[in-house]
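> sequence unavailable; structure follows:
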Ligand code: FES
């Protein structure tokens, strides 16, 4: 069975899952490491997309948009900026 930890392919499968989890924009293969600087520098999804080149792949941001929005929301929560938390809760930017 492929989910058996004693299977030699198990570790490789786990590493693949970890790599996929680290990709924010699946369409363009853009990793979290490239998106985080844009999250730090920007306050909205449009600016993050411009800086990190996310959101313009095949799904046009339908998959990465919610992830970017969640990251922005977390940033604003950490900063205690309630007005920006509300902005990132608004769906009009997607
Ligand atoms: S996942 Fe980013 S454009 Fe599709």
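All right, it came through fine. Computed from a prediction, not measured in an experiment: that's the story for all the values here.

> dump the residue contacts of residue 34.
Applying Cβ atoms under 8 Å, 6 or more residues apart in numbering to residue 34 gives the contacts 24, 52-53. Backbone N, C-alpha and C define where each C-beta goes, glycine included.

> from the chain's centroid, how far away is the helix or strand hosting it?
Assigning secondary structure by DSSP states H and E places residue 34 in helix 32-41. Going by Cα atoms, centre = their mean, to the nearest Å, the spacing between the C-alpha centre of helix 32-41 and its chain's C-alpha centre is 9 Å.

> so which bits of the following helix or strand past that helix are buried?
The element immediately downstream of helix 32-41 (helix or strand, assigned by DSSP H and E) is helix 45-52. Across helix 45-52, burial judged by 16 or more other Cβ atoms under 10 Å covers 45, 48-49, 51-52.

> residue 64: how many residues sit nearby?
Applying other Cβ atoms under 10 Å, we find 26 other residues in the vicinity of residue 64.

> one more: residue 54?
For residue 54, the number of neighbouring residues by other Cβ under 10 Å comes to 25.

> go on, residue 82?
Other residues near residue 82 come to 10 when the count uses other Cβ under 10 Å.

> now do the SS call for the nearest residue in space to it that is not next to it in sequence.
The spatially closest residue to residue 82, leaving aside those adjacent along the chain, is residue 76, at 7.9 Å (Cβ to Cβ, 6 or more residues apart in numbering). Secondary structure, DSSP: H, G, I helix; E, B strand; the rest coil: residue 76 is helix.
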